[in-house]
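Student: generate coordinates for the sequence data below:
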Amino acid sequence: MLNAFEIDILPGVRGDLDEPLVSASTAELAPILLSLVDRGWIEVCRVIPWTAPDGSCGFQPGKPITREDLPTLLADADNWDYPDSGDWIGCLTITLTEIGRQVPW
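Tutor: Below you'll find the predicted structure:
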């Protein structure tokens, strides 16, 4: 959930976890993430370009990915690794929903 407060890509989720989850496989982590989606607490999006009012370039979450597409995307281990290029555009990120913002943690 902490990752959803920040703009960070999916690999950053592991940095917010404790053992044994930090060492868990994508097959173990994906159902946990999907359960948060199913509760309506988070959405999974792709990172898209953003231009600040001062003209500088950045990034932001795009539109939520459909629930039907998520199992396939989350099963792809590449989506859980930082890109070699260092470019986050197109990577998966999670965001809190309005309901997720109300969950005490």
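Student: SS state for Glu68?
Tutor: Three-state assignment for Glu68 (DSSP: H, G, I helix; E, B strand; the rest coil): coil.
Student: and it, how far from Glu98?
Tutor: Computed as Cβ to Cβ, to the nearest Å, the Glu68 to Glu98 distance reads 22 Å. For glycine as for every other residue, the C-beta is placed from the backbone atoms N, C-alpha and C.
Student: I'd like the next helix or strand past the lowest-mean-pLDDT helix or strand in the chain.
Tutor: Across the helices and strands of the chain, the lowest-confidence element by mean pLDDT, DSSP states H and E is helix 2-5, at a mean of 53. Going down the chain from helix 2-5, the next helix or strand is helix 12-15, by DSSP states H and E.
Student: then that next one to CSV, C-alphas only?
Tutor: Once side chains and other backbone atoms are set aside, the C-alpha atoms of helix 12-15 remain, and they are given as CSV (Å, rounded to 0.1, in the frame of the first residue of the first chain):
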residue,chain,number,x,y,z
GLY,A,12,9.4,-0.8,-5.8
VAL,A,13,6.7,-2.9,-4.1
ARG,A,14,9.4,-5.2,-2.9
GLY,A,15,11.2,-2.4,-1.2
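Student: give the buried residues for it.
Tutor: Along helix 12-15, the positions that meet the burial threshold by neighbour count (16 or more other Cβ atoms under 10 Å) are 12-13.
Student: no further questions, thank you.
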